[in-house]
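> When you get a sec, could you give me coordinates for this:
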Amino acid sequence: MNDNAKKIVSRMYNYDSFSQWLGIEILEQRPGYCKTSLVIREEMTNGFKIAHGGISYSLADSALAFASNAHGEQQVSLETSISHTKPCQIGDRITATAKEINQTKKTAIYEVLITNQHEELVAHFKGIMYNTQRSWDLENE
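Predicted coordinates for the structure are as follows:
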């Protein structure tokens, strides 16, 4: 199944212009798990010259999507939330690690921890996913 997980995540990323624009790198993926990373650029900062909260949110949201869809069925978010614990600066590399906490036939709960290059927690993200029960069609690329 891990080969299919990589195919699904690769396909998703190839069509995900926003994740590409952010410069998200996919470091690891398997069903129910994904690790992504990006480097904070100047255009990602807010009026305080720290990373806009939407950057860590977007990184976590992408990791969540990749982790949940890697099971082989198309999943979409029902609810997400984030708590920021430390500011991110230009040049910081932040990494989001999405892990499945619980899965039922229709929903799944994920925790995503976002850390900086010093392994310090910069944000904590939670996502609830809805399983559409539509399989990914890997035959028709």
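> going forward, measure contacts and count neighbours with C-alpha atoms only.
Will do.
> Count the residues that sit near Glu28.
Neighbourhood size, Glu28 [other Cα atoms under 10 Å]: 13.
> which SS class is the nearest residue to it once chain neighbours are set aside?
Spatial nearest neighbour of Glu28, chain neighbours left out: Lys35 (5.0 Å); criterion: Cα to Cα, 6 or more residues apart in numbering. Under DSSP: H, G, I helix; E, B strand; the rest coil, the three-state class of Lys35 is strand.
> Go through stretch 118-125 and flag the buried ones.
Residues of stretch 118-125 classed as buried: 121-125 (neighbour count, 16 or more other Cα atoms under 10 Å).
> Mind checking which of the residues you listed land in helices?
In helices, judged by DSSP state H, none of the buried residues of stretch 118-125 are found.
> bridging residues for the residue nearest to Glu28?
Taking DSSP bridges as the rule, Lys35 bridges to Glu28, Thr97.
> from memory it sits against Val9, does it?
No: assessed by Cα atoms under 8 Å, Lys35 is found out of contact with Val9, at 11.4 Å.
> pull the helix or strand with minimum mean pLDDT from this protein.
helix 2-14 (a mean of 91; mean pLDDT, DSSP states H and E).
> Which elements pack onto the helix or strand immediately after that one in the chain?
With elements assigned by DSSP states H and E, the helix or strand that comes after helix 2-14 is helix 17-22. Judged by 3 or more Cα pairs under 8 Å, 6 or more residues apart in numbering; DSSP states H and E, helix 17-22 is in contact with helix 53-69.
> Need the mean per-residue confidence for the helix it packs on.
Across helix 53-69, pLDDT averages out at 98.
> Neighbours of Thr80, how many?
Neighbours around Thr80, by other Cα under 10 Å: 17.
> how many neighbours does the residue nearest to Glu28 have?
For Lys35, the count of nearby residues is 25 (other Cα under 10 Å).
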